[in-house]
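**Q** Need coordinates for the below:
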Amino acid sequence: MAMATPMASHRLWQWRAFHSSTTFHRIHSTQSPFLNISSSPVHVAARNLSLAVSTVPLLTSNPQTDEQQQTTNNNNKKDQFLLGKSEGELRKLAKELGQQTYRGKQLHDLLYKAKLKDLDEQNQLPLKFREDLKNAGWKVGRSSIHHAVSSADGTIKALLRLEDSRLVETVGIPAEVEGSSSRLTACVSSQIGCPLRCTFCATGKGGYSRNLKPHEIIEQVLVVQELFKHRVTNVVFMGMGEPMLNLKAVLEAHHSLNKDVKIGQRMITISTVGVPNTIKKLAAYKLQSTLAVSLHAPNQKLRETIVPSAKSYPLEALMKDCKDYFEETGRRVSFEYTLLAGVNDSPEHASELANMLHHWGRGHHVNLIPFNPVADSDFQRPYKKAVMAFVEVLERHKVTTSIRQTRGLDANAACGQLRNEFQKLPLAA
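**A** Next up is the predicted model:
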């Protein structure tokens, strides 16, 4: 939920640009989560939703002592997760456990179509098969919803409680697309917290714990589908965390979302604030997905004050990698730019940005994201007049420009804010 920049946090969920002025409603188990939502199929499904929320006490900055953590690691050494496995892998697993291979196909359908949460939940699979799976350390890989909130426009932000009691955010964003069916975008997190700590990002303020595993990323999309009772059409890696710092798990999740959940590669966007050498690695996979790079400044000096990690990855090196990415994949890079009032939003900044982009080629697209204010932040959202003046300068320089539509919750709107509300102390890495 926002913006689309790696620095996980600041991404403002990039889709987290969610800072609309709409009112946010907490979802309770006994009431509908939506008020005044449109009558589209996606919104109607969400309006009728009834959601049970976990009330297990949360752990704060140190969920376990070192000794407890070691015990947990030892106990979980054999844990394996079914979510993220392909049909072929599940067929092979079924055969290894003495079942006919079609049982693997059944299991695949249960995971991705029926959205199985526990092996004992369905009797469609033989009891022996289920018991053998559990004895071998296999788990489905689904988490409980700890809390969820919704806005009148239909956006839902959910807080998932993972096995180690960490909390991670995911967001479902419904939209009507003229001339086509309803669109439902899942904005997913790739890390618990973010180590890059962009100065304007709420996620970074909450500290960093660990990378998410592939199944913990995939399940976020399934959660959105369950909340809306509608198929997710688009996925953006713009939630908590820097995707490029967890590239292996992100790519595994990307593969499963494409092949198992059946979301087209072109409907998936991977966002990054820039991590040295990772754009080159991503280019080698020649994905048909969109790479969104968060710039937030037109020059190195200013960028370092907004994105601290830029000190180790100069803007010139980042732009060269983006140029090489385009040449190798044929896929245009989209640039995200969060507008911070009085910091990077002047016409002069816009002109400098346009000239910098033209220096590295033509055909660039810039997605402007007016800042979504977060608690304890010194930054402010720019006035509409300043935003439009910035757009005018870019367009005058022949740079294709769009403004991120602000959606959803005006409370806890930015990425990481909802988690920070429930986890009062910053996480220790």
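**Q** Quick one: the helices in the stretch 101-250 of the chain, in order.
**A** Taking DSSP state H, counting those that start in this stretch, the helices of the stretch 101-250 of the chain run over residues 102-112, 127-135, 202-205, 214-228, 247-259.
**Q** out of those, nearest to Met240?
**A** helix 202-205 (4.7 Å; C-beta to C-beta). Glycine gets a C-beta too; all of them are placed from N, C-alpha and C.
**Q** now the closest one: mean pLDDT?
**A** Helix 202-205 shows a mean pLDDT of 62.
**Q** Mind telling me which residue is nearest the centre of this structure?
**A** Val188 (2.2 Å; C-alpha atoms, centre = their mean).
**Q** separation between the nearest residue to that one once chain neighbours are set aside and Val275?
**A** Sequence neighbours aside, Gln220 is the residue nearest to Val188 in space, at 4.4 Å (criterion: C-beta to C-beta, 6 or more residues apart in numbering). Distance of Gln220 to Val275, computed by C-beta to C-beta, to the nearest Å: 21 Å.
**Q** And for Lys139?
**A** For Lys139, the distance to Val275 - C-beta to C-beta - is 31 Å.
**Q** ok, the two, which is more surrounded?
**A** Higher neighbour count among Lys139 and Val275: Val275, with 20 against 17, using other C-beta atoms under 10 Å.
**Q** so where's the chain uncertain?
**A** Within the chain, the stretches with pLDDT under 70 are 1-78, 178-181, 198-206, 375, 406-429.
**Q** how much space between the residue of it most remote from its centre and Lys320?
**A** In the chain, Gly98 marks the outermost C-alpha relative to the chain mean, sitting 38.2 Å out by C-alpha atoms, centre = their mean. Plainly put, Gly98 is 54 Å away from Lys320 if you go by C-beta to C-beta.
**Q** secondary structure element for Glu395?
**A** Using DSSP states H and E, Glu395 sits within helix 384-396.
**Q** sorry, that was for Ile369
**A** Here Ile369 is assigned to strand 365-370, by DSSP H and E.
**Q** Okay, buried residues for that strand please.
**A** Using 16 or more other C-beta atoms under 10 Å as the test for burial, strand 365-370 gives 366-370.
**Q** is it true that Phe228 touches Arg183?
**A** No. Phe228 lies out of contact with Arg183 (C-beta atoms under 8 Å); the separation is 11.2 Å.
**Q** who touches both of those two?
**A** Pro174 (C-beta atoms under 8 Å, 6 or more residues apart in numbering).
**Q** neighbour-wise, which of those two wins?
**A** Ranked by neighbour count (other C-beta under 10 Å), Phe228 and Arg183 place Phe228 first, with 24 against 17.
**Q** returning to that earlier point: do you know how far the closest residue to the residue farthest from the centre of the chain other than its chain neighbours is from Gln99?
**A** Of all residues beyond its chain neighbours, the one nearest Gly98 is Asp132 (7.3 Å), with distances taken as C-beta to C-beta, 6+ apart. Look at Asp132 and Gln99: by C-beta to C-beta, they are 8 Å apart.
**Q** The two: which has the busier surroundings?
**A** Between Asp132 and Gln99, counted using other C-beta under 10 Å, the more crowded position is Gln99 (20 against 17).
**Q** so what's the more buried one up against?
**A** 126, 129.
**Q** Which secondary structure state is assigned to it?
**A** Under the three-state scheme (DSSP: H, G, I helix; E, B strand; the rest coil), Gln99 adopts coil.
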